[in-house]
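A.B. asks: Sequence and predicted structure are below.
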Amino acid sequence: MTLIKETVMSDLPGIVLCHKDAFPNALSTKLGDRFCSKMLSWYIVHERGIMLHAEDDGRVVGYTGGIIVKQPGLPGAATSITQFSFHQFVISFLLRPWLVLHPENLHRFQFILRNIKLKFGWIPKQVAQPVSTLFKPRWGLVVIGISRLIQGKGVGSNLLHEFENRAKTDGVEEVTLSVKNNNNQAIAMYKKNGWQVYHEDIDSLSMIKRF
């Protein structure tokens, strides 16, 4: 029987194993267990993070991580996690310098450069912004990882439903996510569960579900 639980630090080793199985070619996986552990721990220890996982016979078979957005103008998940794991990121690259040419690095060069400047104080950590009357508190779904042997068996949908239920309990009116536009399996799952596309760019879709 698969159980959905809120993740705590003692669950982290199982989350790392699941992440590597779900995303074997991802840069984070290539950077090693220590980097994965540091990166994924953000969802557990940070006040704006949320992580849930699915267990089957005590083994982590899926997980989801998200960000709680209650205030406008704060960094998003990608920047927050990059800053949080920056030192381990550098150490991992020093041990594996060939990964500098990994496609994810080449694709996100401007993002990486901005985070280097941010880390060393060359740009301010938070730029004051006028509060938009359009801002609504929300939860952002950042990642869902499912062990490859059980993909397509409903674990992703179960994690998604629990994430949505906890967001509703927290009082927010919507949840959002971004997904690569060639990830047809994930897009189909989100649409099946009531998510809608509200923006599309060159390589990704932004989706929303309102309660």
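C.D. replies: Sure thing, it's come through. Note that this is a predicted model, so its numbers are computed, not measured. Numbers count the residues shown, from 1 in each chain.
A.B. asks: which stretches of the protein form helices?
C.D. replies: Ranges of helices in the chain, per DSSP state H, are 12-22, 27-30, 33-45, 77-84, 86-95, 103-107, 109-119, 155-169, 184-192.
A.B. asks: Next, the angle from the last one to helix 155-169.
C.D. replies: Okay, so that is helix 184-192. 40 degrees (axes from the mean of the first three to the mean of the last three C-alpha atoms, to 10 degrees).
A.B. asks: mind listing what's buried in helix 184-192?
C.D. replies: By neighbour count with 16 or more other C-beta atoms under 10 Å, helix 184-192 contains the buried residues Ala186, Ile187, Met189, Tyr190. Where you see a C-beta, it was placed from the backbone N, CA and C, and this is true even at glycine.
A.B. asks: what's the spacing between the first one and Phe89?
C.D. replies: To tie it back to what came earlier, the one meant is Ala186. Remark: distance between Ala186 and Phe89 (C-beta to C-beta, to the nearest Å) = 25 Å.
A.B. asks: need the longest strand for this structure.
C.D. replies: Secondary structure of the chain read by DSSP state E shows that its longest strand is strand 59-69.
A.B. asks: Just the CA trace of that strand, in CSV.
C.D. replies: Extracted C-alpha coordinates of strand 59-69, given in CSV (Å, rounded to 0.1, in the frame of the first residue of the first chain):
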residue,chain,number,x,y,z
ARG,A,59,10.7,2.7,0.3
VAL,A,60,10.3,6.2,-1.2
VAL,A,61,8.8,5.7,-4.7
GLY,A,62,7.8,9.3,-5.4
TYR,A,63,8.1,12.9,-4.1
THR,A,64,6.9,16.4,-4.8
GLY,A,65,8.4,19.7,-3.7
GLY,A,66,6.8,23.1,-3.8
ILE,A,67,7.1,26.7,-2.7
ILE,A,68,4.7,28.7,-0.6
VAL,A,69,4.2,32.2,-1.9
